[in-house]
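**Student:** need coordinates for the following:
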Amino acid sequence: MDVQAFDFDLPESLIAQTPLPERTSSRLLTLDKTTGEIGHHGFERLIDYLRADDTLVLNDTRVIPARLIGVKADTGANVELLLLKELGGDRWEALARPGKRLKPGAVVRFGGEGEPLLEAVVEAEGEMGSRIVRFRYEGIFRELLDRLGQMPLPPYIKERLDDRERYQTVYARHPGSAAAPTAGLHFTPDYLDAIRAKGVRIVHVTLHVGLGTFRPVSVDRVEDHTMHEEYYSVPEETAKALNEAKAAGRRVVAVGTTSARTLETAANRFGGGPIEACDGWSGIFIYPGYTFRMVDALLTNFHLPKSTLVMLVSALAGTDNIMRAYREAIEREYRFFSFGDAMFIY
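**Tutor:** Numbers count the residues shown, from 1 in each chain. Down below sits the predicted model:
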């Protein structure tokens, strides 16, 4: 399958640079995956498209201030690390810029004009400029990270984010992500309460967003792309709710592609039958031809051209439907990417 099938022209002016003042004031494009019918609404109309017996699945990961700016100990050259995956023992996988400066054995210092508050020793080189680093410090690492780190906004966002919490969902609980599960940014506690009051069951999964979500596709054939693994967890209460929904023929609605990938990972792990509470590493790559076992409907933002995320939504709704919906969204000047508008595929 040719990657070019998922390409489209996106005016830079449609890339949302800042969040809207109110989370629920974004726009909502609806897409019927069976008929291809497209609708245009305000986000608050989502509740009208949810059924009273739906199970809504949220990714409750929390973004950590994973962007660290430091200097090389030997040269004083500026270096940036983006923490992607905690490996244990104070070791992390991180993206390094510029990577060519950081060979194994290099030391990067962060904070403090005299003795640094934090040091990273490069242990190994990885793909796409990634490095395995081991941190040295005194005290509590998470507190130092909160003090020294910055929110890891995507590179296409040029504006400064004054309020860190606007790059968190209101239900974020488990720290570990290098990027927000952005479809969830549209919800407020009051709106979630209104959804519950309608009868929708809301449950949570966790997927710590890392390189697998935003790694670019650099091959010509979709099938040749390899996803990077990300940590996921499905708690017992969620597994029980999902099994009950599927047994009764009720819809499972994923909020965001990260929730969708977690649900499909769990479904495949248990062979499409009842699932159990589980955790592990997901490297699932969903593209057209994939048969969904768990996800029936999906709330998502608008994604980058030729990205694995566009391929995932195309697998759910059909490539022709998605490309047509994206063309219409561009014509109507929807806001794209992390702080942009939403699409509901049902």
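**Student:** helices of the stretch 101-250 of the chain, start to end?
**Tutor:** Assigned by DSSP state H, counting those that start in this stretch, the helices in the stretch 101-250 of the chain fall at 141-148, 189-198, 211-214, 236-247.
**Student:** how is the chain divided into domains?
**Tutor:** 3-63+164-345, 67-148 (automatic domain parsing).
**Student:** centre of the chain to stretch 334-346, how far?
**Tutor:** Stretch 334-346 has its C-alpha centroid displaced from the chain centroid by 13 Å (CA atoms, centre = their mean, to the nearest Å).
**Student:** now it: mean pLDDT?
**Tutor:** Averaging pLDDT along stretch 334-346 yields 97.
**Student:** surely R51 touches R251?
**Tutor:** Yes. R51 is within contact range of R251, at 6.2 Å (criterion: CB atoms under 8 Å). No exception for glycine: its C-beta is placed from N, CA and C like everyone else's.
**Student:** neighbour-wise, which of the two wins?
**Tutor:** Legend: neighbour count by other CB atoms under 10 Å for R51 and R251, higher for R251 (17 against 14).
**Student:** just to check, the more buried one is in contact with V295?
**Tutor:** No. With contacts counted by CB under 8 Å, R251 stays clear of V295, the gap being 9.2 Å.
**Student:** and the residue of the chain positioned farthest from its centre, what pLDDT?
**Tutor:** The centre of the chain is farthest from one residue, G114, which by CA atoms, centre = their mean lies 37.3 Å away. We have a pLDDT of 76 for G114.
**Student:** kindly export the longest strand seen in the chain (C-alpha atoms) in CSV.
**Tutor:** Looking across the chain with DSSP state E, the single longest strand is strand 78-88. Provided in CSV are the C-alpha atoms of strand 78-88 (Å, rounded to 0.1, in the frame of the first residue of the first chain):
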residue,chain,number,x,y,z
ASN,A,78,23.5,23.3,24.1
VAL,A,79,21.7,19.9,24.0
GLU,A,80,18.0,19.1,24.2
LEU,A,81,16.6,15.7,25.4
LEU,A,82,13.0,14.6,25.0
LEU,A,83,12.3,11.8,27.4
LEU,A,84,10.2,9.1,25.7
LYS,A,85,10.3,5.9,27.7
GLU,A,86,11.3,5.1,31.3
LEU,A,87,13.5,1.9,31.3
GLY,A,88,14.1,1.6,35.0
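**Student:** got the angle between it and helix 141-148?
**Tutor:** Per axes from the mean of the first three to the mean of the last three CA atoms, to 10 degrees, the angle that strand 78-88 makes with helix 141-148 is 160 degrees.
**Student:** could you say what helices and strands strand 78-88 packs with?
**Tutor:** Applying 3 or more CB pairs under 8 Å, 6 or more residues apart in numbering; DSSP states H and E, we find strand 78-88 packed against strand 67-72, strand 91-97, strand 130-137.
**Student:** okay, the nearest residue to G210 once chain neighbours are set aside and A66: tell me how far apart.
**Tutor:** The spatial neighbour of G210 that comes closest, neighbours along the chain excluded (CB to CB, 6 or more residues apart in numbering), is L84 at 4.4 Å. From L84 over to A66 the distance is 8 Å, taken as CB to CB, to the nearest Å.
**Student:** ok, now how distant is T300 from T182?
**Tutor:** 9 Å.
**Student:** quickly list what's touching both of the two.
**Tutor:** Common neighbours of T300 and T182, counting by CB atoms under 8 Å, 6 or more residues apart in numbering, are G256.
**Student:** quick revisit: mind checking how far the residue farthest from the centre of the chain is from I69?
**Tutor:** On the measure of CB to CB, G114 and I69 end up 18 Å apart.
**Student:** what about H41, which helix or strand?
**Tutor:** Using DSSP states H and E, H41 falls within strand 38-42.
**Student:** average pLDDT across that strand?
**Tutor:** Rounded mean pLDDT across strand 38-42 is 98.
**Student:** helix/strand/coil for Q4?
**Tutor:** helix (DSSP: H, G, I helix; E, B strand; the rest coil).
**Student:** now do the contacts for the nearest residue to it once chain neighbours are set aside.
**Tutor:** Setting aside the residues directly before and after it, Q4 is nearest to K306 in space (CB to CB, 6+ apart), at 7.5 Å. Contacts for K306 (CB under 8 Å, 6+ apart) come out as 3-4, 6-7, 216-217.
**Student:** roughly how far does the residue nearest to L148 when sequence neighbours are not counted sit from E143?
**Tutor:** Using CB to CB, 6+ apart and skipping residues adjacent in sequence, the residue nearest L148 is G111, 4.8 Å away. Distance of G111 to E143, given as CB to CB: 12 Å.
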